[in-house]
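J.: Curious how this folds, go ahead:
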Amino acid sequence: MRMFDLPEKLFANPTWHALHSKHHRKFAKCAGDACRYPGEVVPLAAISAPGIAAMRQLYSLFETGESAWIVGEEYAEVTGLVREETLECLQMMLPGDVVVPDTETEIVKLSDANAGEMVALTTLAFPGFFRQRTCEMGSYYGVRSRSGELIAMGGERLKLEGFTEISAVCTHPAFRGQGLAAAIIWQVVREHRKEGVVSWLHVASANRRAQELYLRMGFEEVRRVTLHQVVRGP
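T.: Below is the predicted model of the structure:
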């Protein structure tokens, strides 16, 4: 693992740094040492460092019943903010010397007008993570069937200075095995190379199928992180 390729300062707490970047500052809802994306954008939140005061500030940013995921190994418990689930993920990056191949797959650019289709498709793979306004976080691309149905997609989520996350990569179950996900990832990577940013991603440690795809493409595992889902109780 090459720790230096994804700076520890940024990637141990990527949501915090994305919300304070020039790219996503417009989304930030903040209270002291806590911040979050609006719920209709993406269920991600962060605190600057573990501590009771920061967790109380995070609590103040949620309505009753709202939840979000925060990255970190451990957090203080505060009344009213309940931890529901944990998810271990790998952070992977694509080295700059990996050659991007040409693909023959017809890929289309997606926009806000396609949000409903994107939510429906991603719900088949990871329900709840992709929201109505997630597509505002970056550029998204898709593949359509002959009948016009959106059958594969992927795009950008967290944007850090010099590093952009590839996310929401999924293919409809009826169309898997055709290389559609890889074709879309390469499209995103091409755009990143033009912009001069490094492509990286999160993948659940239990999702061996996706990990194998990324490794074949040349992505390298950099570190493991834990996501905690917290919800504001009544």
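J.: what's the spacing between residue 176 and residue 169?
T.: 12 Å (C-beta to C-beta, to the nearest Å). Any C-beta I mention is one placed from the backbone N, CA and C, and that applies to glycine too.
J.: In terms of neighbours, single out the busier of these two.
T.: Between residue 176 and residue 169, residue 169 has the larger neighbour count (other C-beta atoms under 10 Å), namely 23 against 14.
J.: list the buried ones in the lowest-mean-pLDDT helix or strand in the chain?
T.: In the chain, no helix or strand scores lower on mean pLDDT, DSSP states H and E than helix 8-11, which sits at a mean of 86. Using 16 or more other C-beta atoms under 10 Å as the test for burial, helix 8-11 gives 10, 11.
J.: Please name every helix or strand in contact with it.
T.: The contact analysis (3 or more C-beta pairs under 8 Å, 6 or more residues apart in numbering; DSSP states H and E) places helix 8-11 against strand 220-232.
J.: my read: residue 204 touches residue 91, true?
T.: No - checked against C-beta atoms under 8 Å, the pair residue 204 and residue 91 is beyond contact range at 11.6 Å.
J.: Settle it for me: which of those two has more neighbours?
T.: residue 91 (22 against 14).
J.: Show the pLDDT at that one.
T.: Looking at residue 91, its pLDDT stands at 96.
J.: Please apply the same query to residue 5.
T.: 65.
J.: Enumerate the positions of the longest helix anywhere in the chain that are buried.
T.: The longest helix of the chain (DSSP state H) is helix 180-195. Across helix 180-195, burial judged by 16+ other C-beta under 10 Å covers 180, 181, 182, 183, 184, 185, 186, 187, 188, 189, 191, 192.
J.: ok, for the fifth one, nearest residue in space, not its chain neighbours?
T.: Spelled out, it's residue 184. Nearest residue to residue 184 in three dimensions, chain neighbours excluded: residue 154, at 4.1 Å (C-beta to C-beta, 6 or more residues apart in numbering).
J.: contacting residues around that neighbour?
T.: Residues near residue 154 by C-beta atoms under 8 Å, 6 or more residues apart in numbering: 140, 141, 142, 166, 167, 168, 169, 170, 181, 184, 185, 188.
J.: got the residues you listed as TSV, with pLDDT columns?
T.: Listed next are those as TSV, based on pLDDT from 0 to 100:
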residue	pLDDT
140	98
141	98
142	98
166	98
167	97
168	97
169	97
170	96
181	97
184	98
185	98
188	98
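J.: roughly how far is stretch 101-111 from the heart of the chain?
T.: When C-alpha coordinates are averaged (C-alpha atoms, centre = their mean, to the nearest Å), stretch 101-111 and its chain have centres 20 Å apart.
J.: Show me what it is in contact with.
T.: Here stretch 101-111 has contacts from 117-118, 135, 139-144, 150, 153, 155, 179-180, 182-184, 186-187, using C-beta under 8 Å, 6+ apart.
J.: any weak-confidence spans in the chain?
T.: For the chain, residues meeting the criterion pLDDT under 70 lie at 1-5.
J.: Could you list the domains of it?
T.: 3-88+227-232, 92-222 (automatic domain parsing).
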